[in-house]
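A.B. asks: what follows is a protein structure lacking sequence information:
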């Protein structure tokens, strides 16, 4: 019996992709996982649609641990139980974590896995920031209270400005 690996057409504009199995189904899962782990989180999700073997491999902890930062265990709450590294990854994408005594927020960019850090307003140096004729610190009631403060900077006069911030990194 022939296996269908192509596109079936069922009338005008109603083609569908159909496949009972894939030639990749005979590959060892750990081999596929290793290959997929060298891609990006987005590509791993796409690879999961190739076949059942790719889906299983692309969802494995081997793949998703490669997309997590080395210190990920210190970033996730100990009170949460995760069933997989993929679940940890998406939690770090969707639920920013406060770091550095609550002065910064950390998360992962979903498609690429790149690290993102947001500095609080109080953690940024603003040129002329201590000159009251140009700037003032104001309370913003609707702001998220991520950093123990709901303060922001308000410019009193239109002028160019420069922001500086620092973040510790490891090489």
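C.D. replies: Good, I have the coordinates. Fair warning: this is a prediction, and the values are worked out from it, not measured in the lab.
A.B. asks: going by C-alpha atoms from here, please, whenever you check contacts or count neighbours.
C.D. replies: Will do.
A.B. asks: tally of neighbours for residue 156?
C.D. replies: 11 (other CA atoms under 10 Å).
A.B. asks: can you list the domain ranges for the chain.
C.D. replies: 1-67, 121-164 (automatic domain parsing).
A.B. asks: can you tell me which of the ones you listed the model trusts least?
C.D. replies: Note on the domains of the chain: domain 121-164 shows the lowest mean pLDDT, a mean of 69.
A.B. asks: which parts of this structure are helices?
C.D. replies: Residue ranges of the helices in the chain, as given by DSSP state H, are 29-36, 41-47, 52-58, 61-67, 72-75, 85-94.
A.B. asks: what residues of the third one count as buried?
C.D. replies: Residues of helix 52-58 classed as buried: 53, 54, 55, 56, 57, 58 (neighbour count, 16 or more other CA atoms under 10 Å).
A.B. asks: could I get the residues you listed as JSON lines with distance to residue 41?
C.D. replies: Below are the buried residues of helix 52-58 laid out as JSON lines (distance: CA to CA, whole Å):
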{"residue": "53", "distance to residue 41": "17"}
{"residue": "54", "distance to residue 41": "14"}
{"residue": "55", "distance to residue 41": "13"}
{"residue": "56", "distance to residue 41": "15"}
{"residue": "57", "distance to residue 41": "13"}
{"residue": "58", "distance to residue 41": "9"}
